[in-house]
Structures are given as structure tokens and as C-alpha cells.
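In: Sequence below, structure please.
(one chain, ligands or ions: 1)
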Amino acid sequence: MVVKRKKTMYETMKGRRIIITGPTAGIGKEIAIQLAATGADLVLGCRRLERGKQVAEEISKINGVTSSIDVMLLDTSSFESILNFSREYKKRFSSLDILVNNAGVNCAEQPREDSVDGIELTFATNVLGYYLLTRELLDVLKAAAPSRIVNVASTFASDPDLDDVEFKRRPYDGMKAYSQSKACDRLITWAFARRLEKSGVTANAMAPGLVPTSNLFSKMSPETQNMLKQRGGTNPAQGADTAVWLSSNPEVEYINGKFFEQRREIGCEFRNIEHEEKLWDICEGMISQFSPNV
Ligand SMILES: NC(=O)c1ccc[n+]([C@@H]2O[C@H](COP(=O)([O-])OP(=O)(O)OC[C@H]3O[C@@H](n4cnc5c(N)ncnc54)[C@H](OP(=O)(O)O)[C@@H]3O)[C@@H](O)[C@H]2O)c1
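Out: Predicted structure coming up:
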């Protein structure tokens, strides 16, 4: 009698391809390091190619890492860059097993800044970046099903003002723009998860916890940075853990539309189908203004 041995996580990840956005610092870099250790092949989506190549080299030198690591140009605040990246990816690869949307900015304590497409930078990067990249890669994700979308969100999130996501009517507040964007990351995850039900592609969101040593707070005043450090928190490796687990663990392969922290499902106070769909329409509207053919 042949006894079937349960595959280990490492065996199941060999031959799988993962895109990680924002892998050049903080949590994203740790996600890349930990996923490379599972044997999966990585595509690092970086806005700074040279830095991306340095990170890829660093990871490939880690003992035991056999993954292939490709570095591709991706600015998640730019529609054109996302479209170019997706096109280029599909020329090179026919399927995608896991997409980790992680690249993010926090413009707290900064004056308002707009993206190249004229959209408030935090919303453009943290929300539209997740939305458009996922939308553009859905066909290759479906081609690899069972496949996964893992969105790095946060528990630091507040009620989005869906009538003024870009702070055109409200006075601009970078901190509110950030916490709104992290709530939107969850709303858009639930909207994708609903559409992907039974497709073999799952979409989940996770919260890394406070990681005060990442670059996310580097533009804030020394007082704020000290205050955050005094609050404790965790390190980038621990912050990455739940995203890595969601990306690679066979036990969560078919879990869809859930929110996780420290590998445990937690509630999301923003669940509201009407709001999720409204945000979806806002994203579609902004993208079609850029180019009606997108
Ligand atoms: N740190 C925390 O306490 C915390 C807590 C909850 C959630 N999060 C979330 O975790 C994610 C990662 O944050 P982090 O703390 O690791 O921040 P980080 O150290 O600042 O790293 C951010 C990464 O995103 C990249 N990035 C930023 N804007 C980009 C763009 N337009 N196009 C492409 N890449 C871009 C950065 O690239 P460069 O190296 O080129 O700058 C970097 O690789 C974010 O989504 C954040 O909201 C963080």
C-alpha cells in the first residue's frame, strides 16, 4: 500500500511564483526574505530598480535560498507604471500564484502631495495601487488557481469619507489620509473577495501590527518617531509573519475575504457592502478618467 505523505509548506511552494510590492524596506523586505525561504520564485515590484537588485542579491545570498528572484520596475502610485508592469509580467510569465500588495506610504505631518496622475498620493499608492495592480493581474491569478491575493492593511484605520477620499472638501490631514487608506485596503479586499468567490482565487487582508523601525514613519518629526518607538510594537520580521503565512500555508488556501492579525482572524468594523461597492466605483472612475481604455 502506498502511504501518501502530507506535503510540507516548503514542498508546496516550490515552483510557485509570487509578486511582492514594496520589497525594498521594512515589512515588504521581510516578506520577501521569508517567502524566498519557502522555495517559491519571487518577482519584486520596486520603484527603485537598483535598490531592488541589491535586495534580491542580499536575499539570494541567504543560506539555503534557491528561489529565482526577478526585479521589475513598479511605481504603485502611477497608473502607467502599474499597466506597464502588468503587461511586462504577462509577457514573461503565464500565471501568478500569489500577489502580495504591500507597497505603501504614510504622509502624516507632510503637506499634501499628488501622484503623477493628479491623485492625492496616499490614496493613489495605498488604495488605487492595490486595486489596479490586482485588477490587471486577475487573469494570471485565475490561470494559477488555487491562487491568493494578500493585502497588507492595518488595524490603524479609520472610517473612510467616501464622498471626499482625496480631501478636496476637508482640510488635508496626512495622518487621516493614511488611516483612511488602510480602511479602504480592507473594503477593496472584501469587494475583490466577493467577486472571486468560487474562482479559486482568494483575497484576504492582514495587519502587521506597529513596526516603528520601518521607513514608514521616517518623514515624521523625531518626537513622533520617539513616541511610536516608546509604544513598543514589533520588528519587521514579526510584522511580515502573517502575510507570509497567508501566502504559503496550505491550511489557508481556500480562506477568502477575511482579516488576520498574528495568524488569527479578527473582525473588521468597516464591513459594509454598499461602502465596498462605492469604493470600487470610485477606483474605477479615477482610473477611467486617466484613460477610458484602461
Ligand atoms: N510599519 C507599520 O507600523 C505598519 C503597520 C501597519 C501596516 N503597515 C503597512 O505595511 C506596508 C509596508 O510598510 P512598511 O512599514 O514596511 O513601510 P516602509 O519601510 O516605508 O516600506 C514601504 C515599501 O513600499 C515601497 N513603496 C512606497 N511607495 C511606493 C510606490 N509608489 N511604488 C512602489 N513602491 C513603493 C517602498 O519603496 P522605497 O524603498 O523605494 O521607498 C518600500 O519598499 C504598508 O502598506 C503599510 O501601510 C505598516
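In: From now on I want contacts and neighbour counts done on CA atoms only, so please keep to that.
Out: Will do.
In: Give me the distance between the two termini of stretch 161-171.
Out: By Cα to Cα, to the nearest Å, the extent of stretch 161-171 from end to end equals 13 Å.
In: Mind listing residues that contact it?
Out: With contact meaning Cα atoms under 8 Å, 6 or more residues apart in numbering, stretch 161-171 is reached by 119-120, 123, 173, 177, 180, 275, 278-279.
In: tell me which residues of it are tucked away?
Out: Neighbour-count burial for stretch 161-171 flags 165-167 (criterion: 16 or more other Cα atoms under 10 Å).
In: Buried among the contacts of stretch 161-171? Make that a PyMOL selection.
Out: With 16+ other Cα under 10 Å as the criterion, this PyMOL line picks the buried residues out of the contacts of stretch 161-171:
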select buried, resi 119+120+123+177+180+275+278+279
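In: Pull the contacting residues for the most centrally placed residue in the chain.
Out: By Cα atoms, centre = their mean, the chain has its centre lying nearest to Asn101, at 1.6 Å. By Cα under 8 Å, 6+ apart, the residues touching Asn101 are 20-22, 130, 149-152.
In: ok, which residues in the stretch 101-250 of the chain are in contact with the ligand?
Out: Within the stretch 101-250 of the chain, the residues that sit near the ligand (Cα under 6 Å from any ligand atom) are 102-105, 125, 152-154, 207-212, 214-216.
In: Take those residues and keep only those in strands.
Out: 152, 207 (DSSP state E).
In: State which helix of the chain is the longest.
Out: As assigned by DSSP state H, the longest helix anywhere in the chain is helix 174-196.
In: Give the rounded mean pLDDT of that one.
Out: For helix 174-196, the per-residue pLDDT values average out at 98.
In: Need phi/psi at Asn235.
Out: The phi/psi pair for Asn235 (degrees, to the nearest 10) reads phi -100, psi 170.
In: Count residues in the vicinity of Met13, would you?
Out: 23 (other Cα atoms under 10 Å).
In: quick one on the thing from earlier: among the residues of the stretch 101-250 of the chain next to the ligand, name the buried ones.
Out: Buried among those (16+ other Cα under 10 Å): 102-105, 125, 152-154, 207-212, 216.
In: ranges for the helices of the chain?
Out: So, for the chain - with DSSP H - the helices run 9-13, 26-36, 49-60, 79-92, 121-123, 129-143, 174-196, 222-230, 236-248, 273-290.
In: Identify, out of the ones you listed, the most deeply packed stretch.
Out: Comparing these by mean neighbour count (mean count of other Cα atoms under 10 Å), helix 121-123 comes out on top with a mean of 28.
In: Using PDB, write out every CA atom in stretch 185-202.
Out: Provided in PDB are the C-alpha atoms of stretch 185-202 (Å, rounded to 0.1, in the frame of the first residue of the first chain):
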ATOM      1  CA  ASP A 185      -7.500  48.500   1.700                       C
ATOM      2  CA  ARG A 186      -9.900  46.300   3.700                       C
ATOM      3  CA  LEU A 187     -13.000  47.500   1.900                       C
ATOM      4  CA  ILE A 188     -11.400  46.800  -1.500                       C
ATOM      5  CA  THR A 189     -10.200  43.300  -0.300                       C
ATOM      6  CA  TRP A 190     -13.800  42.400   0.600                       C
ATOM      7  CA  ALA A 191     -15.000  43.700  -2.800                       C
ATOM      8  CA  PHE A 192     -12.500  41.500  -4.600                       C
ATOM      9  CA  ALA A 193     -13.200  38.500  -2.400                       C
ATOM     10  CA  ARG A 194     -16.900  38.700  -3.200                       C
ATOM     11  CA  ARG A 195     -16.200  38.800  -6.900                       C
ATOM     12  CA  LEU A 196     -13.700  36.000  -6.700                       C
ATOM     13  CA  GLU A 197     -15.900  33.600  -4.600                       C
ATOM     14  CA  LYS A 198     -15.600  30.100  -6.200                       C
ATOM     15  CA  SER A 199     -13.000  31.300  -8.700                       C
ATOM     16  CA  GLY A 200     -10.100  29.500  -6.900                       C
ATOM     17  CA  VAL A 201      -8.500  32.900  -6.200                       C
ATOM     18  CA  THR A 202      -8.800  34.100  -2.600                       C
END
